[in-house]
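*Asks:* Attaching a predicted model along with its sequence, questions to come.
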2 protein chains.
Amino acid sequence: MARVPAPSPAKPAATRNDVARLARVSPAVVSYVVNRSKRVSPETEARVRQAIAMLGYRPNSAARSLRLGSTETLGMLVPDTTNSYFATLAHQVELAAIHRGRDLIVGNSDGSLEAERRLLDHFTARRVDGVLLCSSVFRPDISSLRADNIPVVLLNHAADAPGVAWIGADLRLGARLAVEHLAGHGHRRIGLVIGTTTDDVQDARHAGWSEAIDTLGLERGPVVSVGFNSRGGYEAGRQLLADGDVPPALFVSSDRQAIGLLLAMHEAGVRVPDDVAIVGFDGAEDGEYSWPPLTTVAQPIEQMARTAVDLMIDGAGDDVNQVFPPTLLVRRSCGC
Amino acid sequence: MARVPAPSPAKPAATRNDVARLARVSPAVVSYVVNRSKRVSPETEARVRQAIAMLGYRPNSAARSLRLGSTETLGMLVPDTTNSYFATLAHQVELAAIHRGRDLIVGNSDGSLEAERRLLDHFTARRVDGVLLCSSVFRPDISSLRADNIPVVLLNHAADAPGVAWIGADLRLGARLAVEHLAGHGHRRIGLVIGTTTDDVQDARHAGWSEAIDTLGLERGPVVSVGFNSRGGYEAGRQLLADGDVPPALFVSSDRQAIGLLLAMHEAGVRVPDDVAIVGFDGAEDGEYSWPPLTTVAQPIEQMARTAVDLMIDGAGDDVNQVFPPTLLVRRSCGC
DNA sequence: TTGAAAGCGCTAACAA
DNA sequence: TTGTTAGCGCTTTCAA
């Protein structure tokens, strides 16, 4: 490790006053040209722009926020950016935010309620203009946002949350899509691997699965509840194996779980889709390169992200909600 | 979509003055207690704290930044948070930053140099206290940061970059580890799937592979250059297959590529590790649940993240660098 | 132990 | 078309 003391010329960033001085105009004029907020004569503007370029001036956003009372920044809280579904969602939200001239700050709660509260607090301290919340629980504590009148939209939310705007995929429909497809392959007995969240409210995918089974006159396969990640899926697989009851078809509530399940099956020499057909849920990158590639119920992530940001910025108010229909993304784990 | 107009009481957040008024002290005293910057009598402090609690006051961070000339925020730029390696790295950096009392803003360049430049610009406008840069190129343009004297550390960097602090894993050593392990399994002919970056400088993993082959007196297998993602790995696999030259062992420069390669092999009925033994690189979550689970050269991600943040904050200056030795993470794709 | 006041860089209302 | 000025919420020096 080489080490040379930094020269550190301690040259502070140029301010608007520096620009004004160099361009021989008043500071206000600099603002006018930067924000295009008022007409300025072409010659003056040229001088100012040149000075800006020479000094490498960029408006100090803290000062701007303070003055404007708005940070032009959105906050987003997810359980885990390491999860490709949330990573994709966050990325799409970032894109949508930029498109609307906003910045996005993303925080990870790691599934901890304590961390979630802390981050939300943090967002309010930063005076974000709104927060997109993928909470680990069904009824998140958004009081600190409320107290400061910061708009919230619950993203990836599962069901009605009175008094809060929320957006989510139609989980029930998605589950139905999966079961119907599996039934279309001739399977009459379909199991379920379902994720549980901290406050274990019943997941709508469970209801959708159940409903579809009934409607189609099928037989209920085993149901196993596990965490929403690969490890959970792996455990589900082990359990099914241990019970000696791996059904011919399985709907799995997230792609990551499905990936874990796949591993358990491979280890046991159970062939997918020949011995078990599998349909996952989410449609992010996870299942694209798995073996076999995962048939999955894809959420319209980009659309949801865009809508969430629009809702947030256009301030549609609380009690707004929107549910998006997912679509079946057919690959090979279903037997197609 | 239900819709109810927002009540929007338009209640602005409480300021320090509100607290001062309620606690019947001067605004300065509020600052004293919030920042513990000066002794305050216990009774006064109690009054102030109570007022803070009652009003839900949190210091406006824009104002604070403006006054302090520091945002207590670090910026991090990665090509793609959707990639689990970068997601993990970013997450670890976030943790390290929080540990040092800093916030982290993460931006995605999507591998575009244009986006990279824009984000860097953005970071300087926001006056971040430093930026951690995972650039898509070997010599990134950090002039906008330089102009404002914002410290930079190149993270995940591959080789010497004079005048900039950088941190990276020892790629050459990692490649050697992989080849040696494969040789230990008795393979005498080892191929290479190597990623290319935008400015295609020779990757040190290539050199390490080559070197190890020579040292061990092995035979050079096919070398294929592809993008650093799953698709690249898949293409590499297809090409090897098309050339009819799938070597008995293969070192692959990233886990994501390895995942893609795995798919190509499965599709062709080539068995891993029996027909090809594979060792990947990175050691993030990708290969943990693949089939077969991936043996890989793991970078000490957490350690690198922590060091990068420390370096940044403690301002060790430019021309500092640190290279971390990776370790072999043995799973099953190598034949173990 | 507490308070008064200056000023961080910026926007925008108003005046010239 | 341009300039003057007040003030956003905060920290900190200096005085009381």
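*Replies:* Looks like it arrived, so ask away.
*Asks:* how close does A:Leu145 sit to A:Met312?
*Replies:* 12 Å (CB to CB, to the nearest Å). From N, CA and C alone the C-beta is placed, and that goes for glycine too.
*Asks:* what do these two both touch?
*Replies:* A:Pro151 (CB atoms under 8 Å, 6 or more residues apart in numbering or on different chains).
*Asks:* Packing partners of the one helix or strand A:Arg47 maps to?
*Replies:* In this assignment (DSSP states H and E), A:Arg47 forms part of helix A:42-55. Contact partners of helix A:42-55 among helices and strands, from 3 or more CB pairs under 8 Å, 6 or more residues apart in numbering or on different chains; DSSP states H and E: helix A:16-23, helix A:27-35.
*Asks:* Please see if the last one touches chain B.
*Replies:* So that's helix A:27-35. No - applying CB under 8 Å from any CB of the partner chain, one finds helix A:27-35 separated from chain B by no less than 11.2 Å.
*Asks:* For the residue lying closest to A:Phe86 once chain neighbours are set aside, grab the count of nearby residues.
*Replies:* Nearest-residue entry for A:Phe86: A:Val78, 4.3 Å, with adjacent residues in sequence omitted and distances by CB to CB, 6 or more residues apart in numbering or on different chains. Counted by other CB atoms under 10 Å in any protein chain shown, the residues lying close to A:Val78 total 27.
*Asks:* try A:Arg24
*Replies:* 11.
*Asks:* unless I'm mixing things up, it is touching A:Gln50, no?
*Replies:* No - A:Arg24 lies out of contact with A:Gln50 (CB atoms under 8 Å); the separation is 11.3 Å.
*Asks:* which stretches of chain A have low pLDDT?
*Replies:* Across chain A, residues meeting the criterion (pLDDT under 70) sit at A:1-11, A:158-161, A:198-200, A:316-318.
*Asks:* same thing but at 50, please
*Replies:* Residues of chain A meeting the criterion pLDDT under 50: A:1-10.
*Asks:* ok so A:Val223 is a strand residue?
*Replies:* Yes - the assignment for A:Val223 by DSSP: H, G, I helix; E, B strand; the rest coil puts it in a strand.
*Asks:* so what's the residue lying closest to it once chain neighbours are set aside up against?
*Replies:* Closest residue to A:Val223 apart from its sequence neighbours, by CB to CB, 6+ apart: A:Leu192 at 4.6 Å. By CB under 8 Å, 6+ apart, the contact set of A:Leu192 is A:205-206, A:209, A:221-224, A:250-253.
*Asks:* Count the neighbours of the closest residue to DNA strand C within the stretch 101-250 of chain A for me.
*Replies:* Taking CB to the nearest atom of the strand, DNA strand C has its nearest neighbour within the stretch 101-250 of chain A at A:Gly101, 13.2 Å off. Number of residues near A:Gly101 (other CB under 10 Å) recorded here: 8.
*Asks:* what about the spatially closest residue to it that is not a sequence neighbour, neighbour count?
*Replies:* Nearest residue to A:Gly101, sequence neighbours excluded (CB to CB, 6+ apart): A:Glu72, at 6.6 Å. For A:Glu72, the count of nearby residues is 15 (other CB under 10 Å).
*Asks:* Could you pull up the residues touching A:Glu72?
*Replies:* Counting by CB under 8 Å, 6+ apart, A:Glu72 makes contact with A:61, A:65, A:101-103, A:129.
*Asks:* let's see it at 10 Å
*Replies:* A:Glu72 sits next to A:61, A:64-65, A:97, A:100-103, A:128-129 when contact means CB atoms under 10 Å, 6 or more residues apart in numbering or on different chains.
*Asks:* One more: A:Ala298?
*Replies:* A:169, A:174, A:177, A:255, A:280-284, A:287, A:326-330.
*Asks:* beta partners for it?
*Replies:* A:Asp282, A:Thr327 (DSSP bridges).
*Asks:* how far away is it from A:Asp121?
*Replies:* Applying CB to CB, the value for A:Ala298 to A:Asp121 is 34 Å.
*Asks:* ok, and the closest non-adjacent residue to the residue of the stretch 151-300 of chain A found nearest DNA strand D?
*Replies:* DNA strand D sits closest to A:Pro151 of the stretch 151-300 of chain A, with a gap of 18.3 Å, by CB to the nearest atom of the strand. Of all residues not flanking A:Pro151 in the chain, A:Gly130 sits nearest, at 4.3 Å (CB to CB, 6+ apart).
*Asks:* wait, doesn't that neighbour sit right on A:Leu311?
*Replies:* Yes - in this structure, A:Gly130 is within contact of A:Leu311 by CB atoms under 10 Å, at 9.1 Å.
*Asks:* Give the residues shared as contacts by the two.
*Replies:* Common neighbours of A:Gly130 and A:Leu311 (CB under 10 Å, 6+ apart) are A:151, A:153, A:165.
*Asks:* Pairing partners for the last one in the sheet, please.
*Replies:* In other words, A:Ala165. Going by DSSP bridges, A:Ala165 forms beta bridges with A:Val153.
*Asks:* burial count for it?
*Replies:* Here the number of neighbours of A:Ala165 (other CB under 10 Å) works out to 26.
*Asks:* Relative to A:Thr307, how far out is it?
*Replies:* Counting by CB to CB - A:Ala165 and A:Thr307 are separated by 10 Å.
*Asks:* before we move on, what about A:Leu145?
*Replies:* Taking CB to CB as the measure, A:Leu145 falls 20 Å from A:Thr307.
*Asks:* Restrict whatever helix or strand A:Tyr85 lives in to CA atoms and write it as CSV.
*Replies:* Assessed by DSSP H and E, A:Tyr85 sits inside helix A:84-99. What follows is helix A:84-99, C-alpha atoms only, in CSV (Å, rounded to 0.1, in the frame of the first residue of the first chain):
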residue,chain,number,x,y,z
SER,A,84,-33.1,-9.3,-7.6
TYR,A,85,-36.8,-8.5,-7.5
PHE,A,86,-36.3,-5.5,-5.3
ALA,A,87,-33.2,-4.5,-7.1
THR,A,88,-35.1,-4.4,-10.3
LEU,A,89,-38.0,-2.6,-8.7
ALA,A,90,-35.6,0.0,-7.2
HIS,A,91,-33.8,0.4,-10.4
GLN,A,92,-37.1,1.1,-12.3
VAL,A,93,-38.1,3.5,-9.6
GLU,A,94,-34.8,5.3,-10.0
LEU,A,95,-35.3,5.6,-13.7
ALA,A,96,-38.9,6.8,-13.3
ALA,A,97,-37.7,9.4,-10.7
ILE,A,98,-35.0,10.7,-12.9
HIS,A,99,-37.4,11.0,-15.7
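*Asks:* Now the very next helix or strand once past that helix - C-alpha only, PDB.
*Replies:* On the C-terminal side of helix A:84-99, the nearest following helix or strand under DSSP H and E is strand A:103-108. The C-alpha trace of strand A:103-108 is given here as PDB (Å, rounded to 0.1, in the frame of the first residue of the first chain):
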ATOM      1  CA  ASP A 103     -33.300  11.900  -7.200                       C
ATOM      2  CA  LEU A 104     -33.800   8.700  -5.400                       C
ATOM      3  CA  ILE A 105     -32.300   7.500  -2.200                       C
ATOM      4  CA  VAL A 106     -32.600   3.800  -1.500                       C
ATOM      5  CA  GLY A 107     -32.300   2.200   1.900                       C
ATOM      6  CA  ASN A 108     -32.300  -1.400   3.000                       C
END
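*Asks:* Show me what whichever helix or strand comes after strand A:103-108 is packed up against.
*Replies:* Next helix or strand after strand A:103-108 toward the C-terminus (DSSP H and E): helix A:113-125. Packing partners of helix A:113-125 (3 or more CB pairs under 10 Å, 6 or more residues apart in numbering or on different chains; DSSP states H and E): strand A:73-78, strand A:103-108, strand A:130-133, helix A:143-147, helix B:61-68, helix B:84-99.
*Asks:* Nearest to B:Ala20, out of these?
*Replies:* Closest to B:Ala20 of those is helix B:61-68 (CB to CB; 14.6 Å).
*Asks:* Kindly indicate which of the shared contacts of A:Gly130 and A:Leu311 lies nearest B:Gln322.
*Replies:* Distances from B:Gln322 to the shared contacts of A:Gly130 and A:Leu311, taken by CB to CB, are shortest for A:Val153, at 41.8 Å.
*Asks:* Nice, that's everything, thank you.
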